[in-house]
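this one's structure only:
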C-alpha cells in the first residue's frame, strides 16, 4: 500500500489545517493537497493526504474513514493513480468556415 490517501465528502468549509490536524493523530502527515475549482477558487470537496509511512496510511484509513468532520462523514481510502496519457485533445473539428476566394 502507498502513503497517499484520497479523502472524499469534505465540507467546503474544511480547511487544510483542520484536515491535517485530524490526520496527525494517525501518524506523520507529509502533505495535504486540497484541489480548488479553476474558475471560482472554491474547494472541490476532496483532498489528497500523504502520510509518512504505509503504516500511518493504514492507521488513518481505519481511524478516519466514516469519521465526522465539519458535519460530513469522511471517505478515506488509498489514492488511485491516474492512468497515463489522460487529458485528451480538442476534437477533430476545425478549419473551414467563411468564404473562399473567387
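Sure, I can see it. Here the structure is a predicted model, which means the values were calculated and not measured. Residues are numbered from 1 along each chain as shown.

identify the bridge partners of residue 78.
Assessed by DSSP bridges, residue 78 has beta-bridge partners residue 5.

and it, how far is that from residue 3?
9 Å (CB to CB, to the nearest Å). (C-beta placed from N, C-alpha, C; glycine too.)

show me what counts as buried in the helix ranked longest in the chain.
When the chain is parsed with DSSP state H, its longest helix is helix 54-64. Residues 56, 57, 58, 59, 60, 61, 64 are the ones in helix 54-64 that count as buried (16 or more other CB atoms under 10 Å).

check stretch 68-75 too.
69, 72, 74.

and those residues, which is closest to residue 26?
Closest to residue 26 out of the buried residues of stretch 68-75 is residue 74 (12.0 Å), distances taken as CB to CB.

skipping its backbone neighbours, what lies nearest the closest one in space?
Nearest non-adjacent residue to residue 74, counting by CB to CB, 6 or more residues apart in numbering: residue 67, 5.2 Å away.

in this protein, where is pLDDT below threshold?
Applying pLDDT under 70 to the chain flags the ranges 85-102.

can you rerun that using 80?
1, 82-102 (pLDDT under 80).

show me where this structure has its helices.
Using DSSP H, helices in the chain cover 16-24, 54-64.

the protein: strands as residue ranges?
4-8, 29-33, 47-51, 68-69, 72-73, 75-78 (DSSP state E).

what separates the residue nearest to residue 74 from residue 23, distance-wise?
10 Å.

what number of residues lie near residue 28?
If you count neighbours by other CB atoms under 10 Å, residue 28 ends up with 13.

skipping adjacent residues, who's closest to it in space?
residue 52 (3.0 Å).

ok, now which ones touch that neighbour?
3, 27, 28, 29, 30 (CB atoms under 8 Å, 6 or more residues apart in numbering).
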